[in-house]
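Student: got a predicted model here, sequence first, then my questions.
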Amino acid sequence: MTSIAQLKRTPLYERHVAAGAKLVPFAGWEMPVQYEGIRQEHCAVRRDVGVFDVSHMGQIQTRGPQALPFLQRMLSSDLRRLPEGGAQYGLLCRPDGGVLDDLFTYRLADCEFLTVTNAANHEKDLAWLQSHAEEFDVDVIDVASRFAMLAVQGPCARALVRRLADGPLPPRMHCTDRCVASASMLVCGTGYTGEDGVELMLDPDDAVSVWDALCAAGAVPAGLGARDTLRLEVCFHLWGNDMDENRNPIEAGLGWCCNEQTGFIGADQVAAARAQGTAQRLVPFVIEGPGIARAGNPVVGGGEVTSGTYSPCLERGIGMAYVPAERATPGTRIEIDVRGSNRTAAVERKPLYRKEG
Amino acid sequence: MAEASYPDDVLYHAEHDWARVEGDSATFGITWYAQDALGELVFFQPPEVGASVTKDQSYAEIESVKAVSDVIAPMSGEIVSVNEALSDRPEIVNEDPYGEGWLIRVKLSDPAEAESLMSASDYQATLS
């Protein structure tokens, strides 16, 4: 058991404590799970704007004449379609197709890329990339300590950040260098909430002043608890829950970010799974009556819940589960064994939550 | 309620439950500390009236957005009523954990079990 003293802290730790956050161990970091309450923070992001400290996430820089062919070999997505100043979501797979991590990659220049890792996987991803870099004229550099990372998310997020910025913000799935609240940073049109917004990667020394400026401008501090309920309502995967090394991208419903023709590591196995189908499929579900399924709850007849929570917007238990492929069609009723009580759920289409209008 | 509160008119169990004993019956609930640790409650399925509860054992589950927690009986007996209002508004437990947010009422099988429970000050000492 990791003692709390060994946990890493972000530059905003003192701000979280002062705001009365509940801090919990998460992937080796001491992170705020909530401030005032998960539901309030969730609704602030859906209706207005919230700010998350996601400085636990890691960054890896890849640069050199062969940066593109190297990353094309490593990542499942088609990097030829990633322009300078663009962002792309992709997977890191093993030769057997198992998913090592899911990551956003930003193309900063023709031969320079920045990839954001999940905190729990950062060291593993770095070692994996570096072990395959020798055949390429490329440098793979751990730059996680150079960045704090803030996610400003919600329908009012862009307007709020724009008021503090020295120029226009990048469109969705793009990134650009900007000065925001007097600090230079990389502003990215990405996020993990299903809302519009930006993610900011900046010098850790600037994190406190930028956080204070965002909060003073009206952004509501939101914790990892709301981040999880927000992402699950729109069916964004969480590595370690919804897929891992033992799951193929196809069964995880991530075939859309795999282009097997690029020849990435694992492409053969992904192509085979795509052609032959898989025994199980990851599906989103909504519980029809009362009750909340949680990760690990068995699906009656085969399968398992991988993420489950209470949806503040739908006001029901929601989640994602692996089920036998023949029961993965939207509209299918499944029974979930929630600690001894069977709960009926309906398999749904993604996303579970859609904005009105 | 935002401020911690541990009234003197109830007895406390180490698993963060309380009992308000009146003769041979008692009302059970969870403490301010328990509801604060769980966060906003979103689901409580009351147990059946007539079921028996056993001291130190779980008689129900209560859920926040993030977590599910067992509710432990501070004393033994038979359930005579349950707080049906919590089915629609479990957050009442957050708002008023010792009043409107009570969970069940029990006819006690052994009122002397009260002697093993803690006073407010003894319970608070366990929290620091």
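Tutor: Great, that's in hand.

Student: so residue A:31 makes contact with residue A:12?
Tutor: No. With contact defined as C-beta atoms under 8 Å, residue A:31 and residue A:12 do not form a contacting pair (9.9 Å). All C-beta atoms are positioned from the backbone trio N, CA, C, and that covers glycine.

Student: ok, the two, which is more surrounded?
Tutor: Neighbours of residue A:31 and residue A:12, each counted by other C-beta atoms under 10 Å in any protein chain shown, are more numerous for residue A:31; the result is 28 against 25.

Student: quick one: the strands in chain B?
Tutor: Taking DSSP state E as the criterion, chain B carries its strands at B:11-13, B:17-22, B:25-30, B:41-44, B:52-53, B:58-64, B:68-72, B:77-82, B:104-108.

Student: those strands into TSV, with extra columns for distance to residue A:346?
Tutor: Formatted as TSV, the strands of chain B follow (distance: least, C-beta to C-beta, whole Å):
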stretch	distance to residue A:346
strand B:11-13	39
strand B:17-22	36
strand B:25-30	32
strand B:41-44	18
strand B:52-53	34
strand B:58-64	20
strand B:68-72	22
strand B:77-82	29
strand B:104-108	32
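
Student: which one of the ones you listed lies nearest to residue A:233?
Tutor: Residue A:233 lies closest, by C-beta to C-beta, to one member of the strands of chain B: strand B:41-44, at 14.2 Å.

Student: helices and strands around that closest one, which ones?
Tutor: strand B:58-64, helix B:92-95 (3 or more C-beta pairs under 8 Å, 6 or more residues apart in numbering or on different chains; DSSP states H and E).

Student: now do that strand: distance to the chain's middle.
Tutor: When distances are taken as C-alpha atoms, centre = their mean, to the nearest Å, strand B:41-44 is centred 14 Å away from the chain's centroid.

Student: how far away is residue A:74 from chain B?
Tutor: Applying C-beta to the nearest C-beta, to the nearest Å, one obtains 34 Å for the distance of residue A:74 from chain B.

Student: which pLDDT value belongs to residue 76?
Tutor: You didn't pick a chain, so chain A it is. Residue A:76 carries a pLDDT score of 98 in this model.

Student: please go with chain B instead
Tutor: As summarised for this prediction, residue B:76 has a pLDDT of 98.

Student: repeat for residue A:2
Tutor: Residue A:2 carries a pLDDT score of 49 in this model.

Student: got any ranges where the chain has weak pLDDT?
Tutor: You didn't pick a chain, so chain A it is. Counting by pLDDT under 70, chain A has low-confidence residues at A:1-5, A:357.

Student: not quite, I wanted chain B
Tutor: Scanning chain B for pLDDT under 70 picks out the ranges B:1-2.

Student: close to chain A: what parts of it are there?
Tutor: If contact is defined as C-beta under 8 Å from any C-beta of the partner chain, the residues of chain B in contact with chain A are B:39-40, B:42-43, B:45, B:61, B:63-66, B:68, B:87.

Student: swap in 6 Å and give it another go.
Tutor: Those residues of chain B that sit near chain A, judged by C-beta under 6 Å from any C-beta of the partner chain, are B:40, B:42-43, B:63, B:65-66.

Student: now the two most distant members of these.
Tutor: Using C-beta to C-beta, the two most remote members of the residues of chain B next to chain A are B:43 and B:66, lying 11.9 Å apart.

Student: of these two, which one has the most company?
Tutor: In terms of neighbours (other C-beta under 10 Å), residue B:66 is the more surrounded of residue B:43 and residue B:66; the figures are 23 against 19.

Student: pretty sure that one is touching residue A:223, no?
Tutor: No. No contact is recorded between residue B:66 and residue A:223 when judged using C-beta atoms under 6 Å, the distance being 9.9 Å.

Student: in the stretch 101-250 of chain A, which spans are strands?
Tutor: Per DSSP state E, counting those that start in this stretch, the stretch 101-250 of chain A has strands spanning A:112-117, A:139-142, A:148-153, A:175-180, A:183-188, A:197-202, A:220-222. These are given in chain order.

Student: mind putting those strands into JSON lines with mean neighbour count?
Tutor: Converted to JSON lines, the strands of the stretch 101-250 of chain A look like this (neighbours: other C-beta atoms under 10 Å in any protein chain shown):
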{"stretch": "strand A:112-117", "mean neighbour count": "22"}
{"stretch": "strand A:139-142", "mean neighbour count": "18"}
{"stretch": "strand A:148-153", "mean neighbour count": "26"}
{"stretch": "strand A:175-180", "mean neighbour count": "19"}
{"stretch": "strand A:183-188", "mean neighbour count": "21"}
{"stretch": "strand A:197-202", "mean neighbour count": "26"}
{"stretch": "strand A:220-222", "mean neighbour count": "24"}
